[in-house]
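>>> Here is my input, please return the structure:
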Amino acid sequence: MGNVSGSPINRSQYTFIEPPVNPRNQPISPSEELVAQYRGGQAEAGISWSSHNKISLIPSLSFYSKSIARKISSARSEYIEEEKYSLHGISAGLGVFIPGKTSLSFQAKIFEPLYEEVTSYGRYVGVPYQSLVSDKLPNYKLRADVNHGQFGLRLIVEVLNLGGAENPNSKSIQASQAIIPSTLLTYFF
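Just a heads-up that it's a prediction; the model follows:
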């Protein structure tokens, strides 16, 4: 999934507990800019039925695993907190393949998380706290592929519904949604 760094945080929609003051962490003013670093990975294994010599529908069924983490920091505090989201479940989809000199395919998938958790780390927490997610909502992915000769282009838009978690020992996390667009340029050998 890749990494993103230096993404600004909207302070009006984000609350946190101030980390303890020490030489590496100074108090954070309400106007100080907070930034987020995102990282993540995913794996998927399953079955896809298709025929590449005529126009065909492509049903698919797979197991998937996805992890996304967000670290919050500022210029005066290198590490405020981190949240890690883990989603594991089943994915089902339906697509269409259109062959030709330039072949096209489109696919829509829905992910149903069977197991989903949030792990909260931070200077004020002391140790990681894991919470099972209470709001398990489906996730969606739309994909379009264009292949011409030895070149291919894939466009993906993924909507992840990251559920909320209530934890009396740590920070409670509100449900959120991540919309992740991505592209892939391929050269086929």
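>>> So in the protein, where's the weakest helix or strand by average pLDDT?
Of all helical and strand segments in the chain, the minimum by mean pLDDT, DSSP states H and E falls on strand 129-132, at a mean of 64.
>>> what's the following helix or strand after it?
strand 139-148 (DSSP states H and E).
>>> Could you export that following strand as PDB, CA atoms only?
The C-alpha coordinates for strand 139-148 follow below in PDB (Å, rounded to 0.1, in the frame of the first residue of the first chain):
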ATOM      1  CA  ASN A 139     -15.500  -2.200   2.700                       C
ATOM      2  CA  TYR A 140     -15.500  -1.600  -1.100                       C
ATOM      3  CA  LYS A 141     -13.100  -1.700  -4.000                       C
ATOM      4  CA  LEU A 142     -13.600  -0.600  -7.600                       C
ATOM      5  CA  ARG A 143     -10.900  -1.500 -10.200                       C
ATOM      6  CA  ALA A 144     -10.500  -0.700 -13.900                       C
ATOM      7  CA  ASP A 145      -7.700  -2.300 -16.100                       C
ATOM      8  CA  VAL A 146      -6.600  -1.200 -19.600                       C
ATOM      9  CA  ASN A 147      -4.100  -3.400 -21.300                       C
ATOM     10  CA  HIS A 148      -2.500  -2.700 -24.700                       C
END
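>>> remind me, longest strand of this structure?
Longest strand in the chain by number of residues (criterion: DSSP state E): strand 102-122.
>>> Quick one: mean pLDDT for it?
Strand 102-122 shows a mean pLDDT of 87.
>>> Offset the numbering so it begins at 606, please.
That works, and once the first residue is 606, the last one we named lands at strand 707-727.
>>> what angle separates it from strand 744-753?
For strand 707-727 against strand 744-753, the angle by axes from the mean of the first three to the mean of the last three C-alpha atoms, to 10 degrees is 140 degrees.
>>> Tell me which residues of strand 707-727 come out buried.
710, 712, 714, 716, 718, 721-727 (16 or more other C-beta atoms under 10 Å). Quick note: C-beta positions are derived from backbone N, CA and C, even for glycine.
>>> Check stretch 742-749 too.
For stretch 742-749, by 16+ other C-beta under 10 Å, it's 742, 744, 746-748.
>>> can you give me the strands for the protein?
Going by DSSP E, the chain shows strands at 607-613, 639-653, 661-679, 686-703, 707-727, 734-737, 744-753, 756-767, 781-792.
>>> can you list the ones you listed in TSV and add distance to P628?
Converted to TSV, those look like this (distance: least, C-beta to C-beta, whole Å):
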stretch	distance to P628
strand 607-613	24
strand 639-653	20
strand 661-679	15
strand 686-703	19
strand 707-727	18
strand 734-737	26
strand 744-753	42
strand 756-767	34
strand 781-792	33
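>>> Between the buried residues of strand 707-727, which sits nearest L765?
Proximity of the buried residues of strand 707-727 to L765, judged by C-beta to C-beta, is greatest for F716, which lies at 8.2 Å.
>>> Cool, thanks, signing off.
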